[in-house]
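> sequence and predicted model, in that order:
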Amino acid sequence: PDVKMSCWWCTSILLGLALTGSSNAISAQQWLPVELSLTSTSSYTNPYWDVEVNVSFTPVRLNSSTAQLYPQRFQTVMVLPAFWDGDGVWRVRFAAPIDGLWQWQSTCNNTKDTGLHHQQGNITVSASQAPPFLDANVSRRYLADVTGKPFFWLGDTHWSGISLAEHTMDNNDPNHSHNASMFQEMLAVRAQQGYTVWKAESFANNDETGNAAVNNGGGAWTNNTFWNLPNPSFWQDVDRRVQTVNQAGLVASLAVGIGRSMTSPSQLDVHMKLSKYFFARYAAFNTVWVTCQEYCTTHTYADGWAKIAAAVWAIDPYKRPNSMHNCASNPIAYHDQPWYSFVTLQLGHDRIVAVDHWLEQYNATPARPILEDEANYEDIIPLYGGGTPAMTRQAAWQAVMGGAFGFTYGAQGIWWACWNSSYVNNNCGKNGSPSYKTWYQGLQLTVGARHMGHFKALWTSLPWWEMVPNSDAITWAAWCPHGTQRPYQKVTTARDVIVAYLPSSPCGGYNGTLHLPATRPSYSMYWYNVTSGEYFTILTNVRGDVTVPTQPDNSDWVLLATSEASIIATISTTPLALPKPTSSPTGTSMITAIRSLGKPRTGPVSVGMNVTFSRSVTVTALGRYKHAGDNNCHTIHLFKANPLTLLATAYANLALDGDSLGFVYGRLSPLTLEANEAYYVMDVDTTDTYTDDTGTQLVTVPEASITSSVYGSRDVFHAGGGGPGSSYGPVNIKLLSA
């Protein structure tokens with residue numbers, strides 16, 4: 001598409017005004033940055049380290065009708081630090097929260113520098129349609145702007161967004177007319193797709209190969225001498241990028257650098273100085289602070305980053321949201337700190353967990369709003385774990401069900417920008433491999449380009465900020481999937497809106513009882529297709545206890561029940577074809593008796609048996625023995641042993657009762673196995689209890705012969721030591737009678 005950049009910011013380019021004397025009067029717009037320039041009359045050995053300049057902004061005459069919309073802190077003196085920007089120039093940026101007349105005055109630690117000390121002037125601020133900044137109010141479980149308007153966070157990850165990896169001067173998208181740069185196209189498309197936040201870091205505290213802090217202005221430090229003197233050209237390029245992000249209508253979530261670069265207290269001073277400089281440059285933009293990318297309590301100076309976050313919070317007159325980007329392994333911490341205004345979680349990649357992961361953070365005290373900020377980037381390269389698009393989508397829905405106020409998405413090819421197929425960077429993967437994605441391919445990955453928009457559309461059509469995690473609005477049947485696929489729900493206090501997320505379930509559907517207040521107006525119930533954004537009517541005019549029917553298929557779905565007429569009126573539904581009822585798998589158990597079971601063991605491991613048949617047989621199901629307390633869904637593969645070939649996969653829901661021998665089966669389309677061939681039946685990557693092969697002895701139908709037990713990982717298997725008739729697990733097969 002032909003992407004054009006246009007919005008309210010386009011009329012407010014940063015003002016570079018050289019100010020001298022006390023009669024300076026300039027114009028600005030509410031919530032948009034105005035820049036004041038001061039020129040030193042003194043010389044300094046190192047202006048970055050030697051000079052501190054602050055500017056106070058005092059309201060003189062404010063629009064009273066506007067002022068009543070904002071907290072009192074915006075109606076008193078606001079102090080912001082200035083920053084050195086090359087030669088003898090210092091700049092300060094201010095975004096006036098209220099229209100009216102403001103007076104500014106500078107102070108400098110060198111009071112003899114008349115160019116920096118005691119400069120003053122007036123700013124006349126007019127009203128604008130620019131969005132107010134976000135507010136750090138820990139009494140809420142979500143973010144809102146400073147007027148109290150809830151803000152739904154749908155973020156897009158651009159860790160390399162401040163570097164040369166994201167081009168601001170050209171565009172190589174073959175489907176684009178190139179009237180906008182790569183950088184502009186990504187922002188415009190993401191805004192169209194419904195994103196509200198852009199996340200990046202500067203890498204200015206880091207000199208790692210592949211992550212260098214270099215952009216159109218050169219390196220972050222003059223002569224690449226870290227911590228000595230910032231390179232103004234680098235930072236001016238960052239200025240234009242952050243401005244363009246806001247211009248596209250997105251909030252910038254900013255980290256000064258990467259957490260692992262500060263490992264000891266000796267490095268705190270240089271990181272503190274850089275962080276305050278970073279704050280000074282971007283304090284007047286619509287931003288939130290996540291301090292650093294990945295502070296890890298195991299190998300970084302975590303308390304140092306906490307001190308930096310606290311210091312930045314202390315000098316921020318806007319008191320915008322402030323956090324630190326967690327490592328996946330971090331314990332719950334800093335909830336009791338006033339500067340820690342929201343929790344920035346990282347689940348990690350190629351990882352699915354139960355909703356309890358987020359509930360634990362949500363229920364921690366003191367309470368804080370929580371955000372899932374890095375989970376299962378779509379199509380991430382194998383170097384970082386890989387994973388599937390379904391895992392990306394599930395992490396987003398489960399996070400919000402568990403109490404998060406939003407989700408930060410990431411796409412391979414964009415979380416680190418990959419210009420073309422020959423661009424070399426470890427974060428892009430191996431050139432020429434199937435996992436390699438360019439930025440313009442990443443921009444159109446299905447979950448990010450479509451499903452995240454449906455995710456946001458559902459939540460923002462509801463009073464999502466009033467909804468809280470709830471365990472008793474629905475009683476789920478005992479056979480429903482457990483563990484990572486456990487369903488969960490959120491409700492409003494009055495229960496006039498109930499939303500449940502049902503993860504994908506190859507082991508079968510979810511059933512339960514929805515408890516609707518009998519005293520409220522009647523409810524309507526809908527299925528919401530998370531991949532298409534379509535609604536399907538289940539029932540109307542119901543109240544009290546209502547049966548939750550099986551979802552339309554085994555992919556993930558959302559259940560919505562509401563009595564709110566205003567919500568019901570906005571829902572357009574599609575006719576729904578109900579799934580056909582299924583019966584138990586037909587056939588006869590290959591195992592006719594269990595003589596003995598070995599000692600219980602636990603995974604993770606793939607376990608099973610090697611079996612042959614004296615004649616050809618037809619398989620209808622694969623089974624797994626049910627051990628006490630195991631209610632999970634087990635993936636069972638059937639392989640031909642030589643050459644190793646995957647023939648079929650079945651899913652056994654061990655939340656169901658077993659047969660007379662204790663086996664639970666997953667259905668297969670009938671499959672014929674040849675005589676005198678070896679086959680492996682494997683419970684794949686199980687982490688649950690299974691029996692040791694030693695001590696396990698099974699009796700089979702005459703045509704079957706268990707050669708040995710088998711164990712392994714993925715597609716590398718080995719014979720166990722249990723001998724003929726043994727199996728880990730154990731596992732089983734259903735056969736059609738001859």
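Received the coordinates, thanks. Computed from a prediction, not measured in an experiment: that's the story for all the values here.
> which of the three states applies to the residue nearest the centre of the chain?
For the chain, the residue sitting closest to the mean C-alpha position, by C-alpha atoms, centre = their mean, is residue 408 at 3.5 Å. Three-state assignment for residue 408 (DSSP: H, G, I helix; E, B strand; the rest coil): strand.
> pLDDT score for it?
Looking at residue 408, its pLDDT is 98.
> nearest residue to it other than its sequence neighbours?
residue 155 (3.4 Å; C-beta to C-beta, 6 or more residues apart in numbering). Quick note: C-beta positions are derived from backbone N, CA and C, even for glycine.
> got the contact list for that neighbour?
Contact partners of residue 155, counting by C-beta atoms under 8 Å, 6 or more residues apart in numbering, are 195-199, 253, 373, 406-409.
> and residue 723, how far is that from residue 319?
According to C-beta to C-beta, to the nearest Å, residue 723 and residue 319 sit 70 Å apart.
> pick the one among the contacts of residue 155 closest to residue 629.
Nearest to residue 629 among the contacts of residue 155: residue 407, at 32.3 Å, using C-beta to C-beta.
> what sits up against the helix or strand harbouring residue 310?
Counting by DSSP states H and E, the element that carries residue 310 is helix 302-315. With contacts defined as C-beta under 8 Å, 6+ apart, helix 302-315 is touched by 79, 81, 256, 259, 262, 265, 267-268, 271-272, 275-276, 279, 289, 291-292, 295-296, 319, 322-324, 330, 333-334, 337-341.
> report the distance from stretch 605-615 to the chain centre.
Relative to the centre of its chain, stretch 605-615 is centred 41 Å away, using C-alpha atoms, centre = their mean, to the nearest Å.
> quick one: the strands in the stretch 1-150 of the chain?
Ranges of strands in the stretch 1-150 of the chain, per DSSP state E, counting those that start in this stretch, are 17-18, 24-29, 33-39, 53-62, 78-81, 83-84, 89-95, 100-108, 120-126, 134-135, 143-145, 150-151.
> can you put the ones you listed in JSON lines and add mean pLDDT, distance to residue 420 and mean neighbour count?
Listed next are the strands of the stretch 1-150 of the chain as JSON lines, based on pLDDT from 0 to 100; distance: least, C-beta to C-beta, whole Å; neighbours: other C-beta atoms under 10 Å:
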{"stretch": "strand 17-18", "mean pLDDT": "38", "distance to residue 420": "41", "mean neighbour count": "12"}
{"stretch": "strand 24-29", "mean pLDDT": "87", "distance to residue 420": "40", "mean neighbour count": "16"}
{"stretch": "strand 33-39", "mean pLDDT": "97", "distance to residue 420": "34", "mean neighbour count": "21"}
{"stretch": "strand 53-62", "mean pLDDT": "97", "distance to residue 420": "44", "mean neighbour count": "18"}
{"stretch": "strand 78-81", "mean pLDDT": "98", "distance to residue 420": "40", "mean neighbour count": "20"}
{"stretch": "strand 83-84", "mean pLDDT": "98", "distance to residue 420": "35", "mean neighbour count": "24"}
{"stretch": "strand 89-95", "mean pLDDT": "98", "distance to residue 420": "36", "mean neighbour count": "23"}
{"stretch": "strand 100-108", "mean pLDDT": "97", "distance to residue 420": "47", "mean neighbour count": "20"}
{"stretch": "strand 120-126", "mean pLDDT": "97", "distance to residue 420": "45", "mean neighbour count": "18"}
{"stretch": "strand 134-135", "mean pLDDT": "96", "distance to residue 420": "36", "mean neighbour count": "23"}
{"stretch": "strand 143-145", "mean pLDDT": "97", "distance to residue 420": "37", "mean neighbour count": "21"}
{"stretch": "strand 150-151", "mean pLDDT": "98", "distance to residue 420": "36", "mean neighbour count": "18"}
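> ok, which of these comes nearest residue 605?
The closest of those to residue 605 is strand 143-145. By C-beta to C-beta, the value is 43.1 Å.
> picking that back up, for residue 716, state which of the contacts of residue 155 is nearest.
Closest to residue 716, out of all of the contacts of residue 155 and judged by C-beta to C-beta, is residue 409, at 33.9 Å.
> burial of that closest one, as a residue count?
31 (other C-beta atoms under 10 Å).
> next: the one 3 residues further on.
The local packing count at residue 412 equals 27, with neighbours defined by other C-beta under 10 Å.
> could I get the contacting residues of it?
377-381, 418, 429, 435, 437, 442, 445 are the contacts of residue 412 under C-beta under 8 Å, 6+ apart.
> of the residues you listed, which belong to strands?
Counting by DSSP state E, the contacts of residue 412 place none of their members in strands.
> hang on, the earlier thing: sticking with the residue nearest to residue 408, tell me its helix or strand.
With DSSP H and E as criterion, residue 155 is part of strand 153-157.
> what sits against the nearest residue to residue 300 once chain neighbours are set aside?
Excluding its sequence neighbours, the residue lying closest to residue 300 (C-beta to C-beta, 6+ apart) is residue 259, at 4.7 Å. With contact set as C-beta under 8 Å, 6+ apart, residue 259 has these partners: 292-296, 300, 305, 324-325, 327.
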